[in-house]
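Chemist: sequence plus the predicted model coming up.
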Amino acid sequence: MNKIYGLQGAPLLSPEMKILELIETDPSLVSVFQRLNISLPFGDMSILQMCERDGYSCAMFLMLCNMHISPTYRVDATLLTRDMLPELVGYLRASHRYYIGHMLPHVARHLDDILSHCDNLSRSLFSRFYNEYMSFLGEHFREEESEIFAIVEGVENNLAMDIGRLEAPHGDIDDRTNDLASLVIKSLPEAVPTTLRCQMLKDIYALRDDLRVHSRIEMHLLRPLVEKFLKTEER
Amino acid sequence: MKRYRVAIVEPSAIVAEGVGVLLRASGDIDVIAAYATPAELQRLRAHDVDVVVASLAFVRDIDLLRLGGETPVVGIQSSLADVDTLRRFSAVVNLYSSDSELQQSIRDVVDAPVAEHSHSESHELSERERDVLVLVARGLTNKEIASELNISPHTVMSHRKNIAHKTGIRSVAGLTVYAVLNKLIDSE
C-alpha cells in the first residue's frame, strides 16, 4: 500500500497528468494558463511536456495549481529552490495584471448593467464604492510590487525584507469584497432584474475566491521562499 | 501577564494532545484539564476555567460545555459543519488553523465584552447600534465614537462586531453606503 499523507503537503497533481485531466480536476485552473500566457492547443500533452515546451519549472507550476485547487495545500519547504523566486514573482505580477485588466473590468461591466436599473442615489453610491474598491486594490498591488517584488527581484542588492508586510492588508481586501456582495444582496433596489443580480454575485465571489488564492500563494509559497533564501526582518 | 485557564473536551487523543501542546506553548494559556466527553466536565466548577475548547461533535451538549453558565466555548472543527452548529460556539478553529490563530481565539473569546443583544438572532440593528453605525459612516474613529456616546471604546468595538454580523458589512466605505441607502444618514 502506498503511504497516505494528510492533505497538508500531499501531492494532489503529478507531472505526468494530461493537461485535459488537470483542467477537468478544477476548471478554474484555466485562469492560470491565461495568466501565464500559455498557448493552446495542448493535444495529449502532459503537464511536464507543456512546462518543458514553454520553459516553466514543472515543480512551481504544480505548486501554483495545487494552491489554486486546495485551500489546505502547503508546500514542502525542502522542494523550494532559489530559482523559483523570480518565477513566482512573475506569476504574482501576472495575477495583478489579470485582476486589473480582466476581472475588475468584468465586474464593472456587470455593475454598469445593474446600475442602469437603479435610481440616481443608488447609482452614485455603488459607483463610488466600486471605484474606491478598485483604487484600494490597485494601491495594494502597487505597494506589493514596489515593496516586496522589487526586493525579491533585486536579490543582489541584499536588502532585508519586512516579512510582516506579506500579511498586513489581505483581511481588508476580503472584507471589502464581501461587503460588495452583501450590498448587492441586501441593498440594491428591487427594480434590478434577478438574472443581473445573480450574475454579479457569481462574479464577485469568483473574484473573492481568486484573491484568496492569491493571498494564500503569497503567505504559503512566497513567504517560505523568502524566508529560505532572503535576508528578512520583522518590523 | 494575564493568564487564561482552558479545559479541552475532545474525543480524539491525537487532537486533544496537539491542541494542548500548542496552547501551552503560548506562555499565557494554561491547560488545566482534558477530557474525552462533556460529561466529565462536571468535575470542574464554572470559576475553575475561563474557556472550554471542545469538538464541534459535542454541539448537543453545549450547555454542559458552558459549565451551566456563560463560559465561552471554542469549537474544534474537523469536518463540514452547518451554520447553526458553528453559531452555537463562541469561536471556531479547525485542524488547519495555525498555533497563533488557536491561541488568539482563546484570548479573544475571554476578552470580548458582553455585547448588548450578543446572543440575539435578530438581524435588526438596535437603537445604539444605529447610533454607532451613523458615526462610523460619518468617519469617526472608535475613540471619537466612544467619547460622543459616552461609552467605552471596548463597547464601541462590541457594537461594531454586532453591526458587521447583522449587516454582513465590515468596511467603513460599505457601512456608509448601507447607512445612506437605509436612510440613516443623508447622502450629502
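Modeler: Okay, I see it.
Chemist: how about the worst-scoring helix or strand of chain B on mean pLDDT, does it reach chain A?
Modeler: In chain B, no helix or strand scores lower on mean pLDDT, DSSP states H and E than helix B:83-87, which sits at a mean of 81. No: counting by C-beta under 8 Å from any C-beta of the partner chain, chain A is not contacted by helix B:83-87; separation bottoms out at 15.5 Å. In short, each C-beta sits where N, CA and C put it, glycine included.
Chemist: same for that helix, what does it pack against?
Modeler: Applying 3 or more C-beta pairs under 8 Å, 6 or more residues apart in numbering or on different chains; DSSP states H and E, one finds that helix B:83-87 contacts strand B:73-77.
Chemist: what is the strand it packs on packed up against?
Modeler: Applying 3+ C-beta pairs under 8 Å, 6+ apart, we find strand B:73-77 packed against strand B:51-55, helix B:83-87, strand B:91-94, helix B:99-111.
Chemist: of all these, which lies closest to residue A:96?
Modeler: Closest approach to residue A:96 among these (C-beta to C-beta): helix B:99-111, 27.2 Å.
Chemist: how far does the closest one sit from its chain's centre?
Modeler: Averaged C-alpha coordinates place helix B:99-111 at 9 Å from its chain's average position (C-alpha atoms, centre = their mean, to the nearest Å).
Chemist: let me see the contact set for residue A:189.
Modeler: A:117-119, A:122 (C-beta atoms under 8 Å, 6 or more residues apart in numbering or on different chains).
Chemist: re the thing from before, okay, buried residues for the least confident helix or strand of chain B please.
Modeler: For helix B:83-87, burial by neighbour count (16 or more other C-beta atoms under 10 Å in any protein chain shown) applies to residue B:85.
Chemist: can you list the residues that contact that helix?
Modeler: With C-beta under 8 Å, 6+ apart as the criterion, helix B:83-87 contacts B:56, B:59, B:75, B:77, B:92.
Chemist: burial check on the last one, number of neighbours?
Modeler: Residue B:92 is flanked by 18 other residues according to other C-beta atoms under 10 Å in any protein chain shown.
Chemist: so what's it bridging to?
Modeler: Following DSSP bridges, residue B:92 is listed with bridge partners residue B:75.
Chemist: residues contacting it?
Modeler: For residue B:92, the contact set (C-beta under 8 Å, 6+ apart) comprises B:56, B:74-77, B:81, B:86.
Chemist: repeat that for 6 Å
Modeler: Neighbour list for residue B:92: B:75, B:77, B:86 [criterion: C-beta atoms under 6 Å, 6 or more residues apart in numbering or on different chains].
Chemist: residue B:23: which of the residues you listed is nearest?
Modeler: residue B:75 (14.7 Å).
Chemist: run a quick neighbour tally on that closest one.
Modeler: 26.
Chemist: which bits of chain A sit near chain B?
Modeler: With C-beta under 6 Å from any C-beta of the partner chain as the criterion, chain A meets chain B at residues A:72, A:121, A:125, A:129, A:132, A:175-176, A:179, A:182-183, A:187.
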